[in-house]
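Structure for the following, please:
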Amino acid sequence: MSVDASPLELTILGAGPAWSDRPGSSGAAYLVRAGETAILLDLGQGSFPRLIDAIEPSTLDAVLISHLHPDHFIDLVPLRHYLAYQLDPPRTVRVVAPAGLADRIDALHDRPGFTEATLACEPYPTTPFTIGDVTIEARRITHTADSHAIRLGRDGRPGLVYSGDCGVASDLTPLIRPGDVLLVEVSFGVGPVPPGSLHLDAPAIASLVSSARPGRVLLTHLQMGLDRVTPVRIVADAFDGAVSLVEPGEVIDLRGT
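Model (predicted):
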């Protein structure tokens, strides 16, 4: 049997919600490596120090931002500063995001052009695109007016589907291929989701995976103070793959899942 020498690898840099009382919690940030390609999914509050510990940030091939809530993008500010002031000469990193990201960061600093100094922002294309060794497919989902779930894959092999923040579990179905790893928010734990919150709970994810059949489920973005055990059991009861709640610092080999 041949061995894939460059597996798709996921490092959990941050998995927290918008606020937390857990020491070490930080906002959404997930580093994906495939051979020489390095892609960051989101960069929420407090996750930049873990990013710089995991990789030289200027070597990222791209940062993909799922939607424009600060707990998913605000640490682009320290990344911008690092690229501008720590490195000589300054470097630029590609950022693929919903339209308007640069304007929001510029407005935060009351400085037009602040973002573009080191972050090259561009909107998601409407068709799949390639970054290095990885094919990216982004799909609009229910959350904000411009939120995306993202699939990363290579050569027809099982890949990774990242939900971002998602209010309707079935929105993810078109992205999931058999054997994919599903990295999915479980904000409201065992549920229910309050009306209008546009997030997921474990029963919704259980219903999704019972039909979509990913190879593995990684739960993330659980709200502060909620049960951390029962949501895993609810999803695990729905299909025969592995289920876990991710923690910062985990490095997950996605090969063969």
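
tell me the contacts of residue 47?
13, 14, 26, 27, 28, 29, 75 (CB atoms under 8 Å, 6 or more residues apart in numbering). C-beta coordinates here come from the backbone N, C-alpha and C atoms, glycine included.

now residue 177
Per CB under 8 Å, 6+ apart, neighbours of residue 177: 151, 153, 158, 159.

Please enumerate the helices of the stretch 151-257 of the chain.
According to DSSP state H, counting those that start in this stretch, the stretch 151-257 of the chain carries its helices in the segments 202-212, 230-236.

The shortest one - contacts with which helices or strands?
The one in question is helix 230-236. helix 202-212, strand 216-220, strand 242-245 (3 or more CB pairs under 8 Å, 6 or more residues apart in numbering; DSSP states H and E).

Residue 251: neighbouring residues, count only.
Counted with other CB atoms under 10 Å, the neighbours of residue 251 add up to 11.

Residue 167 too?
19.

residues touching it, list them.
141, 142, 143, 193, 197, 198, 199, 200.

Next one: the fourth one relative to residue 36, how far apart?
Applying CB to CB, to the nearest Å, the value for residue 193 to residue 36 is 40 Å.

Looking at these two, which one has more neighbours?
Taking neighbours as other CB under 10 Å, residue 193 and residue 36 compare with residue 193 leading, 16 against 10.

Next, the distance between the ends of stretch 165-183.
This stretch, stretch 165-183, spans 11 Å end to end (CA to CA, to the nearest Å).

Buried residues of that stretch, list them for me.
The neighbour-count check on stretch 165-183 (16 or more other CB atoms under 10 Å) flags 165-167, 169, 171-172, 175-177, 179-183 as buried.

Using JSON lines, lay out the residues you listed together with distance to residue 71 and pLDDT.
Compiled in JSON lines, the buried residues of stretch 165-183 are given as follows (distance: CB to CB, whole Å; pLDDT from 0 to 100):
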{"residue": "165", "distance to residue 71": "9", "pLDDT": "98"}
{"residue": "166", "distance to residue 71": "14", "pLDDT": "98"}
{"residue": "167", "distance to residue 71": "16", "pLDDT": "98"}
{"residue": "169", "distance to residue 71": "20", "pLDDT": "98"}
{"residue": "171", "distance to residue 71": "20", "pLDDT": "98"}
{"residue": "172", "distance to residue 71": "20", "pLDDT": "98"}
{"residue": "175", "distance to residue 71": "22", "pLDDT": "98"}
{"residue": "176", "distance to residue 71": "24", "pLDDT": "98"}
{"residue": "177", "distance to residue 71": "28", "pLDDT": "95"}
{"residue": "179", "distance to residue 71": "30", "pLDDT": "94"}
{"residue": "180", "distance to residue 71": "25", "pLDDT": "96"}
{"residue": "181", "distance to residue 71": "22", "pLDDT": "97"}
{"residue": "182", "distance to residue 71": "20", "pLDDT": "98"}
{"residue": "183", "distance to residue 71": "16", "pLDDT": "98"}
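
and which of those is nearest to residue 252?
residue 181 (7.7 Å; CB to CB).

was I right about the closest one contacting residue 160?
Yes. At 5.0 Å, residue 181 counts as touching residue 160 under the criterion of CB atoms under 8 Å.

shared neighbours, those two?
In contact with both residue 181 and residue 160: 10, 254, using CB under 8 Å, 6+ apart.

show me where pLDDT drops low in the chain?
1-6, 256-257 (pLDDT under 70).

residues making contact with stretch 157-164?
4, 8, 10, 28, 30, 32, 41-42, 66-67, 72, 141, 143, 147-153, 172, 175-185, 200, 214-215, 254, 257.
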